[in-house]
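Student: Sequence plus predicted model, see below.
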Number of protein chains: 4
Amino acid sequence: MREVGSRVWAVPAGRIPPHTTGPEPEFTSRDELCILNATGEEASLQITIFYTDRDPVGPYTLTVGARRVRHVRFNDLIDPEAIPMATDYAALIESSVPIVVQHVRLDSRRAEDSMFGSLGFAGEG
Amino acid sequence: MREVGSRVWAVPAGRIPPHTTGPEPEFTSRDELCILNATGEEASLQITIFYTDRDPVGPYTLTVGARRVRHVRFNDLIDPEAIPMATDYAALIESSVPIVVQHVRLDSRRAEDSMFGSLGFAGEG
Amino acid sequence: MREVGSRVWAVPAGRIPPHTTGPEPEFTSRDELCILNATGEEASLQITIFYTDRDPVGPYTLTVGARRVRHVRFNDLIDPEAIPMATDYAALIESSVPIVVQHVRLDSRRAEDSMFGSLGFAGEG
Amino acid sequence: MREVGSRVWAVPAGRIPPHTTGPEPEFTSRDELCILNATGEEASLQITIFYTDRDPVGPYTLTVGARRVRHVRFNDLIDPEAIPMATDYAALIESSVPIVVQHVRLDSRRAEDSMFGSLGFAGEG
């Protein structure tokens, strides 16, 4: 199987919707990183969160097993600190092996859902 | 006509919505690969599905005719095994000729639809 | 001003929603190409439409003026023939100068809207 | 921390939804640029807005601090002139340092929201 991906990814449009309607966890409002590690080695990730008016926070560390996918809600990144809701942020993801990143948002603040999916931006290598 | 595309594509954000409201098939909830083969040769595809906590499954084999498009619902990939609904997965698509891949989701679990469209990530070649 | 873009673009996920609810034209269901020509020369475009089970149709010809944007509904591409609604298709766009292409869908078949936006795939040059 | 991004970005699918339903500012209809500057230097941006039937307008100038993110509503770009609502436009973003750009729309014209997120197109450098 061929390797695919990059070791650096950026997601500028972060914002966690602060409310949820409907049954959880399926309809929990969320901002999510979807990470594919198609390589034969575990990926060690360091995620840095950027804000509008203060210094970046991180690294948040995470692993994605060899030949595994992991969908991570930004809501669940709590160490070194939780990301506040309804606040603009961006994420920079650095990985020890090539990975592929999509950014998905589900917003269920109103009675119906709204969602988007966007490829992350792949840096060099 | 110029050829366009890549032989390797990745889609990390897979998840098949488990319910549908509204008339089918137009409103069937789905997770879909949209594949363009603009070349003069039939494309032989091998799709591998990655999971969070078990080994990848595949290859799922598929062909897209020369100068044809094919929109494939992940729901319809059943050999070697069906992809479970409401489960995180990723897809790696390898093709014998250059193709272009978009990833579209339609979620009609509630009374109204929600959808997203995202370019896949193109690997080398 | 710097030039930006590519001369070849592909959009695999075409499908025109067949119904509309709400006031037109703002809520007309649509599948749309959004084309930026940031160069100093008029762009001559040739669009080829690919189908699942028959030969491609085209070229559809279009111009985008120097330093202009044009949002074109696929519904309005009628020469050499209209694109049928509720039918899978893909578009290949070839341009005489570098352009940038986004693909936007608005689906108002139900009482509320759903939409997506996706970058097209840029080929070489 | 590694730098990531490009100095030129294009967003062809601009259009500001003209109405809002629901509490503001969270549900204000908007068309938004999300800009990450992961470098150690302030980014000076020049944004040019392209239209369908008249000359481009700009530059709109903007800064994004070193290691900061900024989500900018096109509604808030008013100098040299406001961007009219319900009008097709495109944006070309030029930056003094590498940045990453996503394009997000929230449309709350009807009772429920609709949104999309799309990576911008990165030009050279």
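Tutor: Good, I have the coordinates.
Student: Can you pull up the most central residue in chain A?
Tutor: A centroid search over chain A (Cα atoms, centre = their mean) returns A:Leu33, at 2.6 Å, as the residue closest to the centre.
Student: Output the lowest mean pLDDT helix or strand found in chain A.
Tutor: strand A:114-119 (a mean of 78; mean pLDDT, DSSP states H and E).
Student: Just want the angle from that strand to strand C:114-119.
Tutor: Strand A:114-119 runs at 10 degrees relative to strand C:114-119, counting by axes from the mean of the first three to the mean of the last three Cα atoms, to 10 degrees.
Student: was I right about A:Ile35 contacting A:Ile47?
Tutor: No: if you go by Cβ atoms under 8 Å, A:Ile35 and A:Ile47 don't touch, sitting 10.0 Å apart. All C-beta atoms are positioned from the backbone trio N, CA, C, and that covers glycine.
Student: The two: which has the busier surroundings?
Tutor: A:Ile35 (27 against 22; other Cβ atoms under 10 Å in any protein chain shown).
Student: Who does the more buried one form a beta bridge with?
Tutor: Following DSSP bridges, A:Ile35 is listed with bridge partners A:Arg70, A:Val101.
Student: so what sits against both of A:Ile35 and A:Ile47?
Tutor: Here A:Ile35 and A:Ile47 share the contacting residues A:Ile93, scored by Cβ atoms under 8 Å, 6 or more residues apart in numbering or on different chains.
Student: tell me what the least confident helix or strand of chain A is packed against?
Tutor: When contacts are defined as 3 or more Cβ pairs under 8 Å, 6 or more residues apart in numbering or on different chains; DSSP states H and E, strand A:114-119 sits against strand A:89-107, strand B:89-107, strand B:114-119, strand C:114-119, strand D:89-107, strand D:114-119.
Student: nearest to B:Ser6, of those strands?
Tutor: strand B:89-107 (5.8 Å; Cβ to Cβ).
Student: between the closest one and strand C:114-119, how many degrees?
Tutor: Using the same axes, to 10 degrees: strand B:89-107 against strand C:114-119 is 140 degrees.
Student: so how far is strand B:89-107 off the chain centroid?
Tutor: Offset of strand B:89-107 from its chain centre (Cα atoms, centre = their mean, to the nearest Å): 4 Å.
Student: Excluding residues flanking it in the chain, which one is nearest A:Ala91?
Tutor: The shortest distance from A:Ala91 to any non-neighbouring residue, by Cβ to Cβ, 6 or more residues apart in numbering or on different chains, is to A:Val11 (4.5 Å).
Student: Am I right that that neighbour is in contact with A:Ala90?
Tutor: Yes: between A:Val11 and A:Ala90 a contact is recorded at 6.3 Å, counting by Cβ under 8 Å.
Student: list the residues that contact both of these two?
Tutor: Counting by Cβ under 8 Å, 6+ apart, the common neighbours of A:Val11 and A:Ala90 are D:Leu36.
Student: Among the helices and strands packed on strand A:114-119, which comes closest to C:Gly58?
Tutor: Once those are compared by Cβ to Cβ, strand B:89-107 is nearest, at 16.4 Å.
Student: any idea where the strands of chain A begin and end?
Tutor: Assigned by DSSP state E, chain A shows strands spanning A:6-14, A:30-37, A:43-51, A:57-64, A:68-73, A:89-107, A:114-119, A:121-122.
Student: which of those strands is buried the deepest?
Tutor: Counting by mean count of other Cβ atoms under 10 Å in any protein chain shown, strand A:114-119 has the highest mean neighbour count of the strands of chain A, with a mean of 28.
Student: sorry, back to before: quick one: contacts for the residue nearest to A:Ala91?
Tutor: Applying Cβ under 8 Å, 6+ apart, the residues near A:Val11 are A:Leu33, A:Ala90, A:Ala91, A:Ile93, A:Val101, A:His103, A:Ser118, A:Gly120, A:Phe121, D:Leu36, D:Gln102.
Student: try A:Asp31
Tutor: Each residue near A:Asp31 by Cβ under 8 Å, 6+ apart is listed here: A:Gly14, A:Arg15, A:Ile16, A:Pro17, A:Arg73, A:Phe74, A:Asn75, A:His103, A:Val104, A:Arg105.
Student: In TSV: the residues you listed, plus pLDDT.
Tutor: As requested, the contacts of A:Asp31 are exported to TSV (pLDDT from 0 to 100):
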residue	pLDDT
A:Gly14	94
A:Arg15	91
A:Ile16	88
A:Pro17	82
A:Arg73	93
A:Phe74	94
A:Asn75	90
A:His103	91
A:Val104	89
A:Arg105	83
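Student: where does chain A have low pLDDT?
Tutor: For chain A, the stretches with pLDDT under 70 are A:1-2, A:19-24, A:26-27, A:108-113, A:125.
Student: Spell out which parts of chain A neighbour chain D.
Tutor: Contact residues (Cβ under 8 Å from any Cβ of the partner chain) of chain A with chain D: A:8-15, A:48, A:50-53, A:55-56, A:86, A:88-90, A:92, A:94, A:103, A:105, A:107, A:109-112, A:114-121, A:123-124.
Student: From chain D, how far off is the residue lying closest to A:Ser96 once chain neighbours are set aside?
Tutor: Of all residues not flanking A:Ser96 in the chain, A:Ser44 sits nearest, at 4.3 Å (Cβ to Cβ, 6+ apart). Look at A:Ser44 and chain D: by Cβ to the nearest Cβ, to the nearest Å, they are 15 Å apart.
Student: A:Ser44 contacts A:Pro59, doesn't it?
Tutor: No: using Cβ under 8 Å as the test, A:Ser44 is too far from A:Pro59 to be in contact (10.2 Å).
Student: show me what contacts A:Ile35?
Tutor: Contact analysis of A:Ile35 by Cβ under 8 Å, 6+ apart lists A:Ala43, A:Leu45, A:Val64, A:Val69, A:Arg70, A:His71, A:Val72, A:Ile93, A:Ile99, A:Val100, A:Val101, B:Pro12.
Student: ditto for A:Arg68
Tutor: Each residue near A:Arg68 by Cβ under 8 Å, 6+ apart is listed here: A:Asn37, B:Phe50, B:Tyr51, B:Thr52, B:Asp53.
Student: Kindly recompute the last result at 7 Å.
Tutor: Contact analysis of A:Arg68 by Cβ atoms under 7 Å, 6 or more residues apart in numbering or on different chains lists A:Asn37, B:Phe50, B:Tyr51, B:Thr52.
Student: Let me know the closest of those to chain D.
Tutor: Chain D has its nearest neighbour among those in A:Asn37, at 18.7 Å by Cβ to the nearest Cβ.
Student: thinking the closest one is in contact with A:Ile99, fair?
Tutor: Yes: counting by Cβ atoms under 7 Å, A:Ile99 is a contact partner of A:Asn37 at 5.2 Å.
Student: In space, what's closest to A:Ile99 - neighbours in sequence excluded?
Tutor: With Cβ to Cβ, 6+ apart, the residue lying closest to A:Ile99 is A:Gly5, at 4.8 Å.
Student: hang on, the earlier thing: quick one: which of the contacts of A:Val11 is nearest to chain C?
Tutor: Chain C has its nearest neighbour among the contacts of A:Val11 in A:Ser118, at 8.1 Å by Cβ to the nearest Cβ.
Student: so what's that closest one bridging to?
Tutor: Beta bridges link A:Ser118 to A:His103 when assigned by DSSP bridges.
Student: residues in chain A within reach of chain B, list them.
Tutor: Neighbours of chain B within chain A, by Cβ under 7 Å from any Cβ of the partner chain: A:1-2, A:4-5, A:34-36, A:38, A:67-71, A:100-102, A:104, A:112-119.
Student: gap between the closest residue to A:Glu32 other than its chain neighbours and A:Gly117?
Tutor: Using Cβ to Cβ, 6+ apart and skipping residues adjacent in sequence, the residue nearest A:Glu32 is A:Val104, 4.6 Å away. A:Val104 sits 5 Å away from A:Gly117, taking Cβ to Cβ, to the nearest Å as the criterion.
Student: That'll do, ta.
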